[in-house]
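S.K.: Predicted model and sequence below, questions to follow.
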Amino acid sequence: MIQVNLSNIQRFLPLPYEAALAPRLRIAHRHLQQQNGMGGEFTGWVHLPQRYDREEFARIKAAARRIQRDSRALVVIGIGGSYLGARGVIECLCSANYNLKRKDTPNIYFVGNGLSSDQLSEVLELLEGVDFSVNVISKSGTTTEPAVAFRFFRRALEERYGAEGAARRIYATTDRARGALKSLADRAGYETFVVPDDVGGRYSVLTAVGLLPIAVAGVDIDALLAGAADMMAACAVEDIALNPAWQYAGARYELYRTGKKIEILASYEPNFRFMAEWWKQLYGESEGKENKGLFPASVEFTADLHSMGQYIQQGERHLLETVVRFGPSAHVNPVPYDDGDSDGLNFLAGKSMDFIRQQAMDGTLLAHVEGGVPNIILQAGTVSARTLGELIYFFEYACGLSGYLLDVNPFDQPGVEAYKKNMFALLGKPGYEELRAQMEEKLGR
Ligand code: PA5
């Protein structure tokens, strides 16, 4: 189970805060548990690891097996909360190099998460001569980026397999009843999976949104949900001494109040990179409103110690650092002995890579804390589906608490609409004519 180590924030928060904060954490906690706080209609994820739809879960597994049988590639179309969680879990558990590995599961390409024409062409090219399926994921069913990408990949499937054959290879994950994607899926006869009404995009990785692509990559989704269920039980306890999410949410809130406005999530596993991207969306979109919220950033150590290390050590002191540490690696890799010791590294001969990394972690920790950066350590188990299930639920729960501590609604994202409105206007979407005229003038067109 994840342990939250707060010993390296103590010098920054010398006065005890836990007793004073506990009543506010308790109120936030009860709002989450009883689903009656701000945005309570989007807290279906709180009990999800226990109350998920078993029938749909079985269909997800069956669909994953079918895709594994009939496809050498799966194209996953989605953006934001309909994308980052699946990519985070797959890269963390199966490697960022997953597509390059020898394996008996399909390659997975993530598209529709931007508007790069070259990236689109590249994936279409990579699919030439390769049997593939598509999982298009959009809760609203109307998001521009994935909807545009889907046109291209649907056409590619139809050209390859005909309309009926294509329909058998398209899996749509969307709203139960509403939206353009749902209507299209029903008309065309695609198999559909549901983004539950009460689960927002960035909290949806443990629904079909994340589970189908994750299962196609061969990850044990039962273990993922079992880890989340364990953490759900740990997070249900009303005691700051025992509840890891209370500890993390409380500590980062208190540090924020002392002027630590940026939280850097660090990990020493390069494969964690997209989990950090998922975390950034989760916290950025949940907290960043009403001129409040920690800015979530991420670094990958030790690589970024050689690029961002200088700033972290000596730049403006508005940072706090949260480090996700995993248990022992699967591979030991002792450093080879070299007869001539030509590089002077024989003092490390026989030492494992994990041992060397441990010293780097501890050395960095002391340096950063001495340099004025409070450090929270999240000690997780070995990298596994169960550990990631724990971590996902832990971050989600702490995020819900954090939003309530800040007195914002952690489950809406009103700011995301601003760019969409402008883009629709400039693209000439019907209904946006007036805004378009105003914008053209501002842009001097
Ligand atoms: O968290 C969110 O709500 C957003 O990031 C959405 O997931 C993202 O905008 C994609 O939306 P949709 O799934 O409706 O296409």
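M.R.: Cool, the structure landed. Bear in mind the structure is a predicted one, so any value in this text is a computation, not a measurement.
S.K.: any idea how far the most centrally placed residue in the chain is from the ligand?
M.R.: Centrality entry for the chain: nearest residue to the mean C-alpha point is residue 278, 2.2 Å, by CA atoms, centre = their mean. Distance, residue 278 to the ligand, by CB to the nearest ligand atom, to the nearest Å: 10 Å. (Each C-beta comes from the backbone N, C-alpha and C, glycine too.)
S.K.: Remind me which helix or strand that residue belongs to.
M.R.: For residue 278, the host element (DSSP states H and E) is helix 273-287.
S.K.: List the neighbouring strands of the helix or strand just after that helix plus their orientation.
M.R.: Helices and strands here follow DSSP H and E; after helix 273-287, the next one along the chain is strand 295-300. As defined by DSSP bridges, the strand partners of strand 295-300 come to strand 262-267 (parallel).
S.K.: Go through the partner strand and flag the buried ones.
M.R.: 263-267 (16 or more other CB atoms under 10 Å).
S.K.: cool, and stretch 299-318?
M.R.: By neighbour count, with 16+ other CB under 10 Å as the criterion, the buried positions of stretch 299-318 are 299-302, 305, 308-309, 312.
S.K.: For residue 60, state which of those is nearest.
M.R.: Distance to residue 60 across the buried residues of stretch 299-318 (CB to CB) is lowest for residue 300, with 30.6 Å.
S.K.: Look at that closest one and report its pLDDT.
M.R.: Per-residue pLDDT puts residue 300 at 97.
S.K.: tilt between whichever strand or helix holds residue 359 and strand 262-267?
M.R.: For residue 359, the host element (DSSP H and E) is helix 353-370. Angle between the axes of helix 353-370 and strand 262-267 is 170 degrees (criterion: axes from the mean of the first three to the mean of the last three CA atoms, to 10 degrees).
S.K.: Name the nearest residue to the closest residue to the ligand within the stretch 251-400 of the chain, sequence neighbours excluded.
M.R.: As assessed by CB to the nearest ligand atom, the ligand sits closest to residue 285 within the stretch 251-400 of the chain, at 5.6 Å. Using CB to CB, 6 or more residues apart in numbering and skipping residues adjacent in sequence, the residue nearest residue 285 is residue 413, 4.9 Å away.
S.K.: likewise residue 402?
M.R.: Closest to residue 402 by CB to CB, 6+ apart is residue 249, at 4.7 Å.
S.K.: Report the secondary structure state of that neighbour.
M.R.: For residue 249, the assignment made with DSSP: H, G, I helix; E, B strand; the rest coil gives helix.
S.K.: So which residues of the stretch 51-200 of the chain form strands?
M.R.: All strands of the stretch 51-200 of the chain, identified by DSSP state E, counting those that start in this stretch, fall at 73-77, 107-111, 132-138, 170-174, 191-194.
S.K.: The residue in the stretch 301-445 of the chain that the ligand sits nearest to and residue 395: what is the separation?
M.R.: Of all residues in the stretch 301-445 of the chain, residue 413 sits closest to the ligand, at 5.3 Å by CB to the nearest ligand atom. Applying CB to CB, to the nearest Å, the value for residue 413 to residue 395 is 17 Å.
S.K.: How much space separates residue 413 from residue 252?
M.R.: Distance check for residue 413 against residue 252: by CB to CB, it reads 20 Å.
S.K.: List the buried residues of the helix holding residue 359.
M.R.: By neighbour count, with 16+ other CB under 10 Å as the criterion, the buried positions of helix 353-370 are 354, 357, 361, 364-365, 368-369.
S.K.: Next: stretch 289-302.
M.R.: By 16+ other CB under 10 Å, the buried positions in stretch 289-302 come out as 289, 293-294, 296-302.
S.K.: could you dump those to a markdown table with distance to residue 163?
M.R.: Converted to a markdown table, those look like this (distance: CB to CB, whole Å):
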| residue | distance to residue 163 |
| --- | --- |
| 289 | 44 |
| 293 | 47 |
| 294 | 49 |
| 296 | 43 |
| 297 | 46 |
| 298 | 43 |
| 299 | 47 |
| 300 | 44 |
| 301 | 50 |
| 302 | 51 |
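S.K.: circling back: next one: the residue nearest to the centre of the chain from residue 69, what distance?
M.R.: 29 Å.
S.K.: okay, residue 413 and residue 395: which has more neighbours?
M.R.: Remark: of residue 413 and residue 395, residue 395 carries more neighbours, 25 against 19, as counted by other CB atoms under 10 Å.
S.K.: where does the protein dip in pLDDT?
M.R.: For the chain, applying pLDDT under 70 flags no range at all.
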